[in-house]
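Peer 1: Sequence unavailable; structure follows:
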């Protein structure tokens, strides 16, 4: 768990005479490092998650405090401490600045000039370094848990000590192409989740306890997939930390489905029949079922550059409704009637039996499963 702004505030509130002026809702923001911010030209170098400290010397060059704070907030910094008394004063914290910080969940503190910046930075950096060492140990424990089953007792104890109980509801998210983890951490902190984010197999992995926020997965996924290139797969909810390896496999499978279907995200619990296929160990049997149902139709399409397989799948998904099928694939109804007639001839079926329709649709799902 990363150190939050609130923890640094409590640790230094009295000693460094800190006062919170705005952005109280952002006290849950995670802090990765402390940054002395005096030159607006360097703001673009920030990675997100920094707690900025400034004396406001930049105002001597005509840069307004409002614009400076705004640029830091847009870079996903965690908050700012303004050292007042020399270049800035508390009266410079205008209502517009307060509104900006409140709106963006960006904590703003003031600290008197008499307090030495070096003392505050040294103490906060020590706290963050200790937190990073704990984070490294937790990363190792979670990475071990991704492939180890049954889970080693030492690993369980490490996770328990970090606030992850053995018996609890968990969900795992696997995220591809996520560069800025701040976009993940902020909504997790705001919702009050207990979570851990780490890297594994070139992906960002998020393990969190959803029990108190069971209806927020879709909202969370949409916030994480803020960029078109970000893709996410989620496990279903499991009930013990000893099931992390299984949860991870299911999240990876959901991610593969999202990629194959061109979706931003997919949850394992919403995959329907594909969940059964995922849990089936006899892949040879699945292949035989797929071949028995669709091989002839695929051979016909290959020989005639046809579209009978795609038409049949859409027809089945449309509950064998000709008009709806026509609309789905943007093809004239008469063409659909002809294609369905040819499909019946090739497969030697009337497509009237519910069992036959189910078997054919299952074959299409098996085909999709083998393509993942």
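Peer 2: Looks like it came in fine. Keep in mind the model is a prediction, meaning the values are calculated, not measured. Numbering: from 1, shown residues only.
Peer 1: Report the buried residues of the helix ranked longest in the chain.
Peer 2: With secondary structure taken from DSSP state H, the chain has its longest helix at helix 117-145. Within helix 117-145, the residues scored as buried using 16 or more other CB atoms under 10 Å are 117, 120-121, 123-124, 127-128, 131, 135, 138-139, 141-145. For the C-beta atoms, the positions are set from N, CA and C on the backbone; glycine is no exception.
Peer 1: Same question for stretch 76-85.
Peer 2: Buried-residue list, stretch 76-85, by 16+ other CB under 10 Å: 76-85.
Peer 1: ok, those residues vs residue 43, which is closest?
Peer 2: residue 77 (8.7 Å; CB to CB).
Peer 1: Spatially nearest residue to the closest one, not counting backbone neighbours?
Peer 2: residue 50 (4.9 Å; CB to CB, 6 or more residues apart in numbering).
Peer 1: Phi, psi for the one you found please.
Peer 2: Per-residue torsions, residue 50: phi -80, psi 140 (degrees, to the nearest 10).
Peer 1: For it, give its distance to residue 171.
Peer 2: Counting by CB to CB, to the nearest Å, the separation of residue 50 from residue 171 is 29 Å.
Peer 1: more crowded one of the two?
Peer 2: Ranked by neighbour count (other CB atoms under 10 Å), residue 50 and residue 171 place residue 171 first, with 26 against 22.
Peer 1: mind listing what that one touches?
Peer 2: 207-210, 217, 234-238, 247 (CB atoms under 8 Å, 6 or more residues apart in numbering).
Peer 1: beta partners of it?
Peer 2: residue 208 (DSSP bridges).
Peer 1: circling back: next, the angle from the helix or strand that the longest helix of the chain is followed by to helix 117-145.
Peer 2: Downstream of helix 117-145, the first helix or strand assigned by DSSP states H and E is helix 153-161. Helix 153-161 and helix 117-145 are oriented at 140 degrees to each other (axes from the mean of the first three to the mean of the last three CA atoms, to 10 degrees).
Peer 1: Now do the SS call for residue 197.
Peer 2: Secondary structure for residue 197, judged by DSSP: H, G, I helix; E, B strand; the rest coil, is strand.
Peer 1: Surely residue 114 is in contact with residue 86?
Peer 2: No: contact criterion CB atoms under 8 Å: residue 114 and residue 86 do not qualify, at 10.5 Å.
Peer 1: follow-up on the earlier one: how much space separates the residue nearest to residue 77 from residue 138?
Peer 2: 22 Å.
Peer 1: swap in residue 304?
Peer 2: The spacing between residue 304 and residue 138, counted by CB to CB, is 58 Å.
Peer 1: Which other helices and strands does the worst-scoring helix or strand of the chain on mean pLDDT contact?
Peer 2: Lowest by mean pLDDT, DSSP states H and E among the helices and strands of the chain is helix 182-191, with a mean of 78. Where contact means 3 or more CB pairs under 8 Å, 6 or more residues apart in numbering; DSSP states H and E, helix 182-191 is packed against strand 195-200, strand 203-208, helix 217-224.
Peer 1: any idea how far it is from the chain center?
Peer 2: Relative to the chain's own centre, helix 182-191 is displaced by 10 Å; criterion: CA atoms, centre = their mean, to the nearest Å.
Peer 1: contacting residues around it?
Peer 2: Contacts of helix 182-191 (CB under 8 Å, 6+ apart): 2, 4, 25, 28-30, 47-49, 76, 105, 175, 178, 195, 197, 204, 206, 208, 213, 216, 219-220, 223-224, 226.
Peer 1: so where is the stretch 151-300 of the chain shaky, pLDDT-wise?
Peer 2: 211-215 (pLDDT under 70).
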